[in-house]
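Student: can't give you the sequence, but here's the structure:
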Ligand code: SAH
């Protein structure tokens with residue numbers, strides 16, 4: 001077969017393959033993931049008592065499958081945490097929803113997150129609030145999340161690589177603080193960076209036994225209560241020791 005004949009045979013095959021995968025399969029995949037998201041919200045989140053419509057809307061919108069490792073795509077909407085790089089985890093959807101709802105967020109709120117990880121929790125917060133400041137101790141994770149946020153068009157998420165134990169004093173005070181790694185005590189710096197009327201949710205304890213603690217600053221004083229037993233990765237220092 002002459003080269004021009006070969007081209008005539010190969011070209012349509014190439015065009016068909018391109019259309020099939022890029023044009024046809026992608027929307028079908030998006031529809032598939034969107035159905036999985038609706039099911040996740042219905043069966044894992046709403047059914048367990050999360051009712052804030054703003055929170056539910058954010059979970060329907062944020063594409064969790066974009067935040068997991070490629071080898072875990074099939075499990076992106078499962079009722080479980082999943083491993084990410086650096087031995088860390090993206091939390092179970094219900095826990096992300098529980099912590100988000102507990103903060104009683106307003107559209108004008110400025111939020112601090114400690115533990116960017118995959119970036120999923122930050123994206124959920126960014127759908128609800130004015131701005132999200134998120135700190136990640138592993139450079140690789142922080143850089144990856146930054147790229148993902150920019151690819152997804154988020155302009156209200158600001159990532160810092162460093163130790164979140166000290167918070168982000170230059171940007172304080174925050175209307176809400178969410179901590180997604182676990183220290184054995186609530187860091188004083190985080191309490192100090194909470195605005196009047198602000199709320200903080202944080203897993204506290206020694207792995208594997210931790211309690212989610214909800215704090216609120218009222219007239220300068222901190223009130224706190226335990227709300228749910230959980231299991232999070234430990235909060236670590238730059239030297240790798242646990243707080
Ligand atoms: N919110 C994340 C959950 C990530 S797991 C998500 O939605 O995917 C907790 C993260 O906290 C890990 O990425 C871990 O590297 C990070 N971490 C642990 N100690 C930290 C510290 N002192 N400061 C900032 N991040 C920390």
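Tutor: Received it, and whenever you're ready, just let me know what you need. Bear in mind the structure is a predicted one, so any value in this text is a computation, not a measurement.

Student: Doesn't residue 42 belong to a helix?
Tutor: Yes. Residue state for residue 42 (DSSP: H, G, I helix; E, B strand; the rest coil) corresponds to a helix.

Student: What residues are bridge-paired with residue 132?
Tutor: When bridges are called by DSSP bridges, residue 132 pairs up with residue 111, residue 157.

Student: Tell me who's in contact with it.
Tutor: In this structure, residue 132 makes contact with 111, 112, 113, 122, 125, 126, 156, 157, 158, judged by CB atoms under 8 Å, 6 or more residues apart in numbering. Every residue, glycine included, has its C-beta placed from N, CA and C.

Student: The nearest residue to residue 148 once chain neighbours are set aside: what's it in contact with?
Tutor: Across the structure, with CB to CB, 6 or more residues apart in numbering as the measure, the residue nearest residue 148 apart from its sequence neighbours is residue 119 (5.4 Å). With contacts defined as CB under 8 Å, 6+ apart, the neighbours of residue 119 are 67, 134, 144, 145, 148, 149, 157.

Student: now those as JSON lines including secondary structure?
Tutor: Shown next, in JSON lines, are these (three-state DSSP):
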{"residue": "67", "secondary structure": "coil"}
{"residue": "134", "secondary structure": "strand"}
{"residue": "144", "secondary structure": "helix"}
{"residue": "145", "secondary structure": "helix"}
{"residue": "148", "secondary structure": "helix"}
{"residue": "149", "secondary structure": "helix"}
{"residue": "157", "secondary structure": "strand"}
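
Student: among the residues you listed, who's most crowded?
Tutor: residue 134 (29 neighbours; other CB atoms under 10 Å).

Student: What about residue 29, how many residues nearby?
Tutor: Here the number of neighbours of residue 29 (other CB under 10 Å) works out to 13.

Student: How much space separates it from residue 60?
Tutor: Here residue 29 is placed at a distance of 17 Å from residue 60 (CB to CB, to the nearest Å).

Student: The ligand contacts on the chain?
Tutor: Within the chain, the positions near the ligand by CB under 6 Å from any ligand atom are 86, 88-91, 114-115, 117-118, 120-121, 135-138, 141, 163-165, 180-181, 233, 235-236.
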